[in-house]
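Q: After the sequence you'll find the predicted model.
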Amino acid sequence: MDSPETTILDAEELINQAIWRSTYDQDFKSELTLSSEAKILLEGLSNLDSILEKHRRRALSQCLLRIDHAYVGLGDFEWSVDRTTEALSLAETSGSDVQVAQSLLALGNGYLNAGDITNAERQWVRLLLLAEECPEDKEMQSVVGSTLVVRGHVLNGKSLYNQAASVLEDAYTTLVHVGDYFGCVSACNLLAEIYLKMESPEKAGTYKAKADEFRTRIENQPNPYDP
C-alpha cells in the first residue's frame, strides 16, 4: 500500500494532467475523469498528521475546482456554487492563501453564471484584498490577473467600455509580469474587442497582434502529457 504522501502526490499528478487536458485541448471530459480519480484518492485518506492533512485539503480543494471547471466547460452550471463553496471551505483550512484565492475566483464565477453579480463581486473583492498581502507571489498575481479579466467581461457586458479597458489593461500588465500566456490571450482578445467598440482600430489591432503572439508562444510549449 502506498504511503499517504505518495497518494497525495499521485492525486496532484492527476490534477496537473487534468489542467493540461482542459487548457491545451479543451478536453473537459478528460479533465472530469482525471479529477474524479484524484478525488477518490484524496477522500480515501484519513488519520493524517496536521501537515499532511493540510496538504490533502489543498489538493482536494484544487480537485473540486477542476471538477467544477470541467462541468462548466461541458455546459453544466447547476451545482457550480455548491462545488466551489466546498472547495473554498477546504482551502480555508489548508494553509494556502493561493488556494483560497483560486476558490474565491471560481465561486465568484459560479455566482456570475447564476446571474448573481452582487455575490460574485463580494468574492472577487475578498480575493483582491487577500492578494494585497502577497504582491510578489506569482501564483497569486496570476489569480488577480484572471479576476480582472472576468471583471472586464462584466463591465463590457454593461457597455462600460472605458472602465472595462482600464481594468483589462491592469489585467494584461499583471499577467505579462507573471508569464501567464493563457491569461494574456484572454485579456488581449477582449481589449481588441472593446477598442473596436470604442472606435480605436489601431489599439484594437495592437492587442489582436499581441493575442496572436501569446497564442503562438503557447503552441510552442511542449505538453508533457501528450501521448
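A: On my side now, so go ahead.
Q: Show me where the protein has its helices.
A: 4-25, 28-43, 50-73, 80-92, 97-113, 117-131, 138-157, 161-178, 181-197, 201-219 (DSSP state H).
Q: for the third one, which positions count as buried?
A: To tie it back to what came earlier, the one meant is helix 50-73. Neighbour counts over helix 50-73 (16 or more other C-beta atoms under 10 Å) mark 52-72 as buried. To be clear about C-beta, it is placed using only N, CA and C from the backbone, and glycine gets the same treatment.
Q: Quick one: mean pLDDT for that helix?
A: For helix 50-73, mean pLDDT rounds to 98.
Q: That helix to helix 97-113, inter-axis angle?
A: Taking axes from the mean of the first three to the mean of the last three C-alpha atoms, to 10 degrees, one finds helix 50-73 and helix 97-113 inclined to each other by 30 degrees.
Q: related to what we said a few turns ago, quickly compare the helices of the chain and say which is most buried.
A: Highest mean neighbour count of the helices of the chain: helix 97-113, a mean of 24 (counted as mean count of other C-beta atoms under 10 Å).
Q: Going by contacts, tell me the helices and strands next to that one.
A: Helix 97-113 is packed against helix 50-73, helix 80-92, helix 117-131, helix 138-157, with contacts defined by 3 or more C-beta pairs under 8 Å, 6 or more residues apart in numbering; DSSP states H and E.
Q: neighbouring contacts of the second one?
A: What that stands for is helix 80-92. Residues from elsewhere that reach helix 80-92 (C-beta atoms under 8 Å, 6 or more residues apart in numbering): 57-58, 60-62, 64-65, 67-68, 71-72, 99-100, 102-104, 106-107, 109-111, 113-114.
Q: In this protein, where is pLDDT below threshold?
A: For the chain, applying pLDDT under 70 flags the ranges 1, 225-227.
Q: Let me know the distance separating Gln163 from Cys188.
A: Relative to Cys188, Gln163 is positioned 18 Å away (C-beta to C-beta, to the nearest Å).
Q: meant to ask about Gly115
A: Counting by C-beta to C-beta, the gap from Gly115 to Cys188 is 27 Å.
Q: how near is Asn16 to Leu34?
A: In terms of C-beta to C-beta, Asn16 sits 9 Å off from Leu34.
Q: right, and the helices and strands packed on helix 97-113 - which one's nearest Pro222?
A: Taking C-beta to C-beta, helix 138-157 is the member of the helices and strands packed on helix 97-113 nearest to Pro222, at 20.3 Å.
Q: List the contacts of that closest one.
A: So helix 138-157 is contacted by 97-98, 101-102, 105, 108-109, 112, 117, 120, 124, 127-128, 131, 134-135, 161, 163-165, 167-168, 170-172, 174-175, 177-180, 183, 186-187, 190, 193-194 (C-beta under 8 Å, 6+ apart).
Q: export it as CSV, just CAs?
A: What follows is helix 138-157, C-alpha atoms only, in CSV (Å, rounded to 0.1, in the frame of the first residue of the first chain):
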residue,chain,number,x,y,z
LYS,A,138,3.4,34.8,-9.0
GLU,A,139,0.6,32.3,-8.5
MET,A,140,-1.4,34.8,-6.5
GLN,A,141,-0.9,37.5,-9.0
SER,A,142,-1.9,35.2,-11.8
VAL,A,143,-5.2,34.7,-10.0
VAL,A,144,-5.5,38.5,-9.6
GLY,A,145,-5.0,39.0,-13.4
SER,A,146,-7.6,36.3,-14.2
THR,A,147,-10.1,38.0,-11.8
LEU,A,148,-9.5,41.4,-13.5
VAL,A,149,-10.2,39.7,-16.9
VAL,A,150,-13.6,38.4,-15.6
ARG,A,151,-14.4,41.9,-14.2
GLY,A,152,-13.5,43.3,-17.6
HIS,A,153,-16.1,40.9,-19.2
VAL,A,154,-18.7,42.1,-16.7
LEU,A,155,-18.0,45.8,-17.5
ASN,A,156,-18.0,45.1,-21.2
GLY,A,157,-21.4,43.4,-20.8
